[in-house]
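Enquirer: Fold the following for me, if possible:
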Amino acid sequence: MQFTNTQSKSSLSPSWPPEQQSTGFFDLHPIGAILRNLLMSSLLWILLAFALYSVYSFVVGK
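Expert: Model prediction:
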């Protein structure tokens, strides 16, 4: 019984040294997503504060 290799030799042995993809600062640190999340978080805190103040002023009757 003879086993045949269906893969080529180049696909079995990795090239050395491994190729490194250059990753820039903005690829590692998505500034746009961070700013968008910060804005959304700030808006949600403002809405929460407004809702709590509305309930507080309604209960106190000011």
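Enquirer: would you put the C-alpha positions of stretch 38-45 in PDB?
Expert: Extracted in PDB, the C-alpha atoms of stretch 38-45 (Å, rounded to 0.1, in the frame of the first residue of the first chain):
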ATOM      1  CA  LEU A  38     -17.700  57.800  24.100                       C
ATOM      2  CA  LEU A  39     -20.300  60.100  22.500                       C
ATOM      3  CA  MET A  40     -23.000  57.400  22.800                       C
ATOM      4  CA  SER A  41     -22.100  56.800  26.500                       C
ATOM      5  CA  SER A  42     -22.200  60.600  27.200                       C
ATOM      6  CA  LEU A  43     -25.600  60.900  25.600                       C
ATOM      7  CA  LEU A  44     -27.000  58.000  27.600                       C
ATOM      8  CA  TRP A  45     -25.700  59.500  30.800                       C
END
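Enquirer: Buried residues in it, which are they?
Expert: When burial is assessed from 16 or more other C-beta atoms under 10 Å, stretch 38-45 yields no buried residues. Where you see a C-beta, it was placed from the backbone N, CA and C, and this is true even at glycine.
Enquirer: any chance you could map the strands in the chain?
Expert: Read by DSSP state E, the chain holds no strands at all.
Enquirer: Point out where it drops to low pLDDT.
Expert: 1-20, 62 (pLDDT under 70).
Enquirer: make it 90
Expert: Along the chain, the parts satisfying pLDDT under 90 run over 1-30, 61-62.
Enquirer: To what extent is residue 56 buried, counted in neighbours?
Expert: Residue 56 is flanked by 10 other residues according to other C-beta atoms under 10 Å.
Enquirer: Determine the longest helix present in the chain.
Expert: helix 31-60 (DSSP state H).
Enquirer: How many neighbouring residues does residue 57 have?
Expert: By other C-beta under 10 Å, neighbour count at residue 57 equals 10.
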